[in-house]
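> just coords:
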Ligand SMILES: O=P(O)(O)OC[C@H]1O[C@H](O[C@H]2O[C@H](CO)[C@@H](O)[C@H](O)[C@H]2O)[C@H](O)[C@@H](O)[C@@H]1O
Ligand SMILES: O=c1ccn([C@@H]2O[C@H](COP(=O)(O)OP(=O)(O)O)[C@@H](O)[C@H]2O)c(=O)[nH]1
């Protein structure tokens, strides 16, 4: 591809360093290879007494290997309305089917628009005419429309990393029509799964009266947009390399020694209500209660990395989880065995492959998840001769691809406990067969496939076909 790639996302990270959160990890992998420009929020919030004025952000430029990182600071007011407020207080819960947790009655939308306009203003002067722009995630749905309003005629694609719910859930958002109209300013829309794509096309037809004008092409508001499912993957070789590097090997050896008498289960998640952590703990408690052979032998290491602590639903889940872990250890623990080891901390990504490889079972049981890269990392890190078993929620985007995992309904406590027990007892031959099937899938649909196939379709979308770029919001 000769055009330069310009990636825009809320979260930007030095691609040579590790980051918690699947989006930053995946984009770091992609940009490390292609080079280009990565634009987004600096992660810095400027308080009013430091001169933080709503709408104005200082721009920082930093060369990180082949990637030019350009980031903008946000004022406290903008950050609170755009990130904590509209993105994570409205869009995140609704897109994860949690209308009960959404904070609709707010003025957040003004801050959300203000930051998208700020991003458009700061990005526009950095663009070259044949740049391909790839915008990521729910924080930036109106960005193409704002760029178009400033005269940007570049090809612009959008990838949604989180689920898209069915039309009647989406329609609960005040101004949902405005959001979906904004999507039509892009040339290509990518979703994580066929289910999410189906929800978009159902919404587009029912609410926006979109017409299907060819394979994957939808016309509404005088614009034609392509839409497709592009499930994100991982860089399998890079992850396996981490497993073989010193830190990965040290971790593996330490875990194997420490748990030589036990079967290790592992969970690695941001502490987010979408990840189903309390439900997982209840299933683990049910396992210990109903399958006595697991007592004194199964140990669950749960890493819950801190996330979005300024949104109240996140502090509620922390207390619930801590109390469940405490009661499981209190009720089932012995002097020489604690069933749950819980850490509220981010663990460096380089240490995870060793932990995954030493574990017999991974519990990836979100109530909803766009994809879930931890599931794929766990598979990549296994020893094919003696692999662990993946217990995976049917509500993770990854479940559409990873059919050889043990698929569970995380709301069904007894059913999930039974699946965990089956995973712990699974004979070697079946573990190998399932692992082989899972490896084939993550290798075929890896992060390079994701990036190449998205950019190929975006490259084919022509300006004439997309129609007038000046879609007014
Ligand atoms: O940036 P944060 O608010 O700290 O949150 C971290 C990221 O969480 C979400 O990740 C999603 O993208 C993953 C990769 O596609 C996917 O596997 C996972 O299922 C999603 O939850 C969020 O979408 C990102 O924007 C955040 O950066
Ligand atoms: O303590 C942690 C927790 C998570 N991760 C990484 O963060 C990403 C999480 O991505 P996923 O798609 O599973 O979920 P998200 O957090 O993006 O919703 C994975 O690459 C994990 O290896 C990490 O490095 N350290």
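The structure has been received and is ready for your questions. Being a predicted model, the structure only gives us computed values, none of them experimental. Ligands and ions are numbered 1, 2, ... in the order given.

> which neighbours does the strand ranked longest in the chain have in its sheet, and in what orientation?
Secondary structure of the chain per DSSP state E: the longest strand is strand 36-46. Partners of strand 36-46 in the sheet, by DSSP bridges, are strand 5-11 (parallel), strand 67-75 (parallel).

> I'd like those strands written out as TSV, with mean pLDDT added.
Shown next, in TSV, are the strands paired with strand 36-46 (pLDDT from 0 to 100):
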stretch	mean pLDDT
strand 5-11	95
strand 67-75	95
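
> between these, which one is nearest to ligand 2?
strand 5-11 (9.5 Å; C-beta to the nearest ligand atom). Just so you know, the C-beta spots here come from the backbone N, C-alpha and C atoms, and that holds for glycine as well.

> could I get the strands paired with strand 36-46 in a markdown table, plus columns for mean neighbour count and distance to ligand 2?
As requested, those are arranged in a markdown table below (neighbours: other C-beta atoms under 10 Å; distance: least, C-beta to the nearest ligand atom, whole Å):
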| stretch | mean neighbour count | distance to ligand 2 |
| --- | --- | --- |
| strand 5-11 | 21 | 9 |
| strand 67-75 | 22 | 18 |
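
> got a list of contacts for the longest strand of the chain?
Residues from elsewhere that reach strand 36-46 (C-beta atoms under 8 Å, 6 or more residues apart in numbering): 4-12, 15, 27, 31, 52, 57-58, 60, 66-76, 79, 83, 119, 122-123, 126, 131.

> which parts of that strand are buried?
Across strand 36-46, burial judged by 16 or more other C-beta atoms under 10 Å covers 36, 37, 38, 39, 40, 41, 42, 45, 46.

> partners of the fourth one in the sheet?
Meaning residue 39. The partner residues for residue 39, given DSSP bridges, come to residue 8, residue 70.

> doesn't residue 398 fall inside a helix?
Yes - the assignment for residue 398 by DSSP: H, G, I helix; E, B strand; the rest coil puts it in a helix.

> any idea how far it is from ligand 2?
9 Å (C-beta to the nearest ligand atom, to the nearest Å).

> can you give me the strands in the stretch 251-400 of the chain?
263-270, 298-305, 340-343, 361-364, 389-393 (DSSP state E, counting those that start in this stretch).

> redo those strands as TSV? Include mean neighbour count.
Listed next are those as TSV, based on neighbours: other C-beta atoms under 10 Å:
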stretch	mean neighbour count
strand 263-270	23
strand 298-305	22
strand 340-343	18
strand 361-364	28
strand 389-393	27
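
> could you dump those into CSV with distance to residue 139 added?
Shown next, in CSV, are those (distance: least, C-beta to C-beta, whole Å):
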stretch, distance to residue 139
strand 263-270, 16
strand 298-305, 19
strand 340-343, 28
strand 361-364, 24
strand 389-393, 25
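
> will you turn those into JSON lines that also has mean pLDDT and distance to ligand 2?
Shown next, in JSON lines, are the strands of the stretch 251-400 of the chain (pLDDT from 0 to 100; distance: least, C-beta to the nearest ligand atom, whole Å):
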{"stretch": "strand 263-270", "mean pLDDT": "97", "distance to ligand 2": "4"}
{"stretch": "strand 298-305", "mean pLDDT": "97", "distance to ligand 2": "4"}
{"stretch": "strand 340-343", "mean pLDDT": "97", "distance to ligand 2": "8"}
{"stretch": "strand 361-364", "mean pLDDT": "98", "distance to ligand 2": "8"}
{"stretch": "strand 389-393", "mean pLDDT": "98", "distance to ligand 2": "12"}
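
> ligand 1: which of those strands is closest?
Closest to ligand 1 of the strands of the stretch 251-400 of the chain is strand 263-270 (C-beta to the nearest ligand atom; 6.1 Å).

> name the helices or strands packed onto that closest one?
Other elements packing on strand 263-270 under the criterion 3 or more C-beta pairs under 8 Å, 6 or more residues apart in numbering; DSSP states H and E are helix 277-290, strand 298-305, helix 352-357, strand 361-364, helix 373-381, helix 413-425.
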